[in-house]
Every structure is written in C-alpha cells, then in structure tokens.
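Enquirer: Fold the stuff below for me.
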Amino acid sequence: MLSFWILAALITLTVVAILARAIMRGGAAEVESRAASDVAVYRAQLEEVDRDVARGVIETADAERVHAEIARRLIAADKAQAAEKGRTGTAPATVALGIVIVALLGSVASYWWLGAPGYGDMALKDRIAFAEEVRVTRPKQDVAEASLPPFVEPVDMDPRYLQLLNQLRDTVAKRPDDVQGHVLLAQQERRIGNFIAAKDAQMQLLTLKGNAVTAQDLADLGKMQVLAAGGYVSPEAEMSLRAALAQEPGNGVGRYYLGLMLAQTGRPDQAFRIWDGLLRAGPEDAAWIPPILEQIESLAQLAGVKYSIPDIGDNSERGPTAQDIENAQDMTPAERMDMIRSMVAGLSERLATDGGPARDWARLISSLGVLGEQQRAAAIHANAIEVFADDKDALELINAAGRKAGVID
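Expert: Residues are numbered from 1 along each chain as shown. Have a look, this model is predicted:
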C-alpha cells in the first residue's frame, strides 16, 4: 500500500513540475519581450549614431546631444526591465506552488472519495464468497417490482384490442379455474408490457396445472418474473429457473436467465460458460442469441477470458475423444502419442483462452493421464476444481477424470 502512495506522489510531482516550468518560462518570456524590446531599440540607436558620426553624416556636437538623450532613455528602460524581472520572479513561483498544493490535495481527496484506500486485491476465494453473499442477500421480487413506476397502457393501443383484452380480464376474474384463460391472459398482458399482471397470470396457471407443470411453464414464469422486476433476476425468479432446469437441463430460457443472474451477482465466470454453451448449442434464431451476442464479449473480459464469438450452433466438441484414442491403437506407439499430443495441445490452448464446459476439462485431464503427464494433469485438475467450485455436477465429472488419470484417489 505504501508503494502505491509513493508512486502516486511521484507521478503528481512530475506533472506539477512540468506545468510549473511551462508557466514560469511562459510568464518570464512574456514580460521580457516588452522590457527587453525597449533596451534593444535604444542600444541599436546608439550604435547607429556612432556609425553616422564615423561616416560624417552628423556633427560631433549634435551626435553628443543625441547620444546623451538615447543613453538617458536606455538607462530608464534598463531600470524598468530590472524591476519587471524582480516582479515576475515571484508570480509564477506562487502559481506553481498553488498548482502543487491543489494537485496533491485534489488527488488525495478524489482517491479517498472514489477509491478504496487500505484495500488490496481480493483473493479469488474472497471474491467468490462476496458474490455468494450478494446473491443470498439481494432484494426479493416484491421489492424490485415496487421500485418500478406503475404500468401505463400504451396510448396507441387499438380500441378494439383493448376492449377484447378487458373482456378477457373480466372472464378470467369470473372463472379463476380456467386454465386456457390464464394462458391467454399471461400472453396478452406480456404483449402490451404489463409484466406484473402477466407474471401473476402465469403463477395462477402453474397452480392450476399442479403436477402437470412443464419445464417450459416454469421457465416462462421465471422470465416473466425477471421482466416484471425490470430485468433483475430476483431470488424467486432464480427458484423458478432452477426448477425448470431440474426438469430440463438444456432449457434455453432457463439457462439464459440463470446466466444473467450470475452476471448480476458477481460471477461473470460462470455466466460466461453458460452463455458460451448456449451460443455453441444454438439454434441461430433462438430468442436468447441476440442478447447474448450483445453482452458476452464484455462478460468474457470480466471473466478474464480472451474470447471470439464462435459459430452459432456449432456444438462440435474439439479435442481428443475416447473414440479418437481408440482409433489410435492401430498406429505405432510414436504415431499414437504424436496424435494425442497434438489434440491435447489444441484442447489445452482453447481452454486457456476461450474456456469451455466441464466435459472438455475432464477430457483434457484424462488425455494427459494417457500421455503419462500426471503432474500437468494434476495442475489442470486443481485449476478446474477452482473454476467449477460451485457446480456439483461439473466437480463430479472432473474428479472422475482425475481418478482415471491417477492424480487423485
């Protein structure tokens, strides 16, 4: 911490010295350009008089009178120049001192207000713990909804459509057990941007469906909860999304909004992996693809990943598969090892730059075990455990690969 303040002070003083020097030189030059000009003119006139006498242009007596007058003026100008130099020596110095004081005090005050004096970088473990605390203590759904302005129906709504919508609202209110009525009401309320009403209709729909609720029903509820909260993923929305993914792990809506929740609560690393997987899975016309494309590059930067957008829907797995290794059995030992090393190198480079799903980390660990590089496999296993610390399924897959590679018991 001390080194930071020393470095900050050195930078400030360097900048101040440059500015002060410019001010002092500029002020002196401006004054001297006026005073020195008179002195230079009078001296030139004296020299010109001497030349005129030498050429016989003027009489010596006249020259002496002119010389005396010019000399008098030169003396006065020289005194004026000396006085001006004395005055200008203190003004720029005062300005420079003022700059030093303002710069130092301003820098310290700004950092004290905007910065975090006394705090070093947070360790990864501490950042993960802080993110978990943010996730657990974040505002609930009703708080988020209450913070938003009340819904106002669009002024350009077709009067006939508004009449039909009001009729649908009245019908559902009179027939609260009408499943299809709640389906339609949720759709139409969402269509006009009345997301809280749409969420309420969807919740009632799930209550009516009971055990027949599908993963998509739950994902749609989570989505409407997020929209009703102004794009914020509340604990209640997270619960709906996780329930959808428990039934259908590949549900695109559920995965997208779960990734959004992780991004909002300080886990860009996990959010990036989810969204990258969605891009690779596609399809290209999926509703979640455009918002992911708008955000994933900045998310990758936060996650510390050098990233380039993959081909959407190109979910081909790169790196050595079990089949690749099996096919290599017909090669000579040297050829087989060369092939495996080549594939391992490609997979290792991709995971280091772009990241990837847990199965790719597990494949890399297993392949290194085949190559007999247990030390490297152990290092990558430890890294993968850290990356997927909060993903139970991923940890099981990675540990299974570690046991296969002989790096853990």
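
Enquirer: Let me know the pLDDT of residue 234.
Expert: At residue 234, the pLDDT value in this model is 96.

Enquirer: What is the neighbour count of the closest residue to residue 206 other than its chain neighbours?
Expert: Nearest residue to residue 206, sequence neighbours excluded (C-beta to C-beta, 6 or more residues apart in numbering): residue 213, at 5.2 Å. The C-beta positions use only the backbone N, C-alpha and C, and glycine is treated the same way. A count of neighbours around residue 213, defined by other C-beta atoms under 10 Å, yields 17.

Enquirer: Ok, residue 393 next?
Expert: Neighbour tally, residue 393, other C-beta under 10 Å: 10.

Enquirer: quick one: contacts for residue 279?
Expert: 289, 292, 293, 296, 309, 310, 312 (C-beta atoms under 8 Å, 6 or more residues apart in numbering).

Enquirer: 6 Å instead?
Expert: 292, 310, 312 (C-beta atoms under 6 Å, 6 or more residues apart in numbering).

Enquirer: go on, residue 344?
Expert: Applying C-beta under 6 Å, 6+ apart, the residues near residue 344 are residue 367.

Enquirer: can you tell me the helix or strand for it?
Expert: Using DSSP states H and E, residue 344 falls within helix 333-353.

Enquirer: other SSEs contacting the next helix or strand after that helix?
Expert: Using DSSP H and E, the helix or strand that follows helix 333-353 in sequence is helix 358-370. Other elements packing on helix 358-370 under the criterion 3 or more C-beta pairs under 6 Å, 6 or more residues apart in numbering; DSSP states H and E are helix 333-353, helix 374-387, helix 392-405.

Enquirer: Leaving out the residues flanking it, which one is nearest to residue 269?
Expert: Residue 269's closest residue in space is residue 303 (C-beta to C-beta, 6+ apart), at 4.4 Å.

Enquirer: again with residue 291
Expert: residue 256 (7.4 Å).

Enquirer: again with residue 151
Expert: residue 194 is the one closest to residue 151 (C-beta to C-beta, 6+ apart), at 4.9 Å.

Enquirer: Alpha carbons of stretch 368-388, as CSV, please.
Expert: Extracted in CSV, the C-alpha atoms of stretch 368-388 (Å, rounded to 0.1, in the frame of the first residue of the first chain):
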residue,chain,number,x,y,z
LEU,A,368,-2.9,-36.2,-20.1
GLY,A,369,-3.2,-39.3,-17.9
VAL,A,370,-2.9,-41.4,-21.1
LEU,A,371,0.2,-39.5,-22.1
GLY,A,372,1.7,-40.1,-18.6
GLU,A,373,1.8,-36.4,-17.8
GLN,A,374,0.4,-36.8,-14.3
GLN,A,375,2.0,-33.6,-13.0
ARG,A,376,0.4,-31.5,-15.7
ALA,A,377,-2.9,-33.3,-15.3
ALA,A,378,-2.8,-32.6,-11.5
ALA,A,379,-2.3,-28.9,-12.1
ILE,A,380,-5.1,-28.7,-14.6
HIS,A,381,-7.4,-30.7,-12.3
ALA,A,382,-6.7,-28.2,-9.5
ASN,A,383,-7.5,-25.3,-11.8
ALA,A,384,-10.7,-27.0,-13.0
ILE,A,385,-11.8,-27.6,-9.4
GLU,A,386,-11.3,-23.9,-8.7
VAL,A,387,-13.2,-22.8,-11.9
PHE,A,388,-16.2,-25.1,-11.2
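
Enquirer: in that stretch, what's buried?
Expert: 368-371, 373, 376-378, 380-381, 384-385, 387-388 (16 or more other C-beta atoms under 10 Å).

Enquirer: about what we covered before: where among the helices and strands packed on helix 358-370 is the average confidence lowest?
Expert: Among the helices and strands packed on helix 358-370, helix 333-353 scores lowest, at a mean of 66.

Enquirer: What ranges does the stretch 151-300 of the chain have for its helices?
Expert: 159-174, 179-191, 195-209, 215-228, 235-247, 252-264, 268-281, 289-303 (DSSP state H, counting those that start in this stretch).

Enquirer: wait, which of these is closest to residue 106?
Expert: Minimum separation from residue 106 across the helices of the stretch 151-300 of the chain (C-beta to C-beta) falls at helix 289-303, 30.3 Å.

Enquirer: so that closest one versus helix 374-387, what angle?
Expert: 120 degrees (axes from the mean of the first three to the mean of the last three C-alpha atoms, to 10 degrees).

Enquirer: who's in contact with helix 289-303?
Expert: 268, 269, 271, 272, 275, 279, 307.

Enquirer: Let's have those in TSV, adding distance to residue 403.
Expert: Formatted as TSV, these follow (distance: C-beta to C-beta, whole Å):
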residue	distance to residue 403
268	30
269	25
271	29
272	28
275	30
279	32
307	31
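
Enquirer: how about TSV for the residues you listed, with distance to residue 130 and pLDDT added?
Expert: Converted to TSV, the contacts of helix 289-303 look like this (distance: C-beta to C-beta, whole Å; pLDDT from 0 to 100):
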residue	distance to residue 130	pLDDT
268	13	89
269	14	84
271	16	88
272	18	88
275	22	91
279	28	90
307	24	84
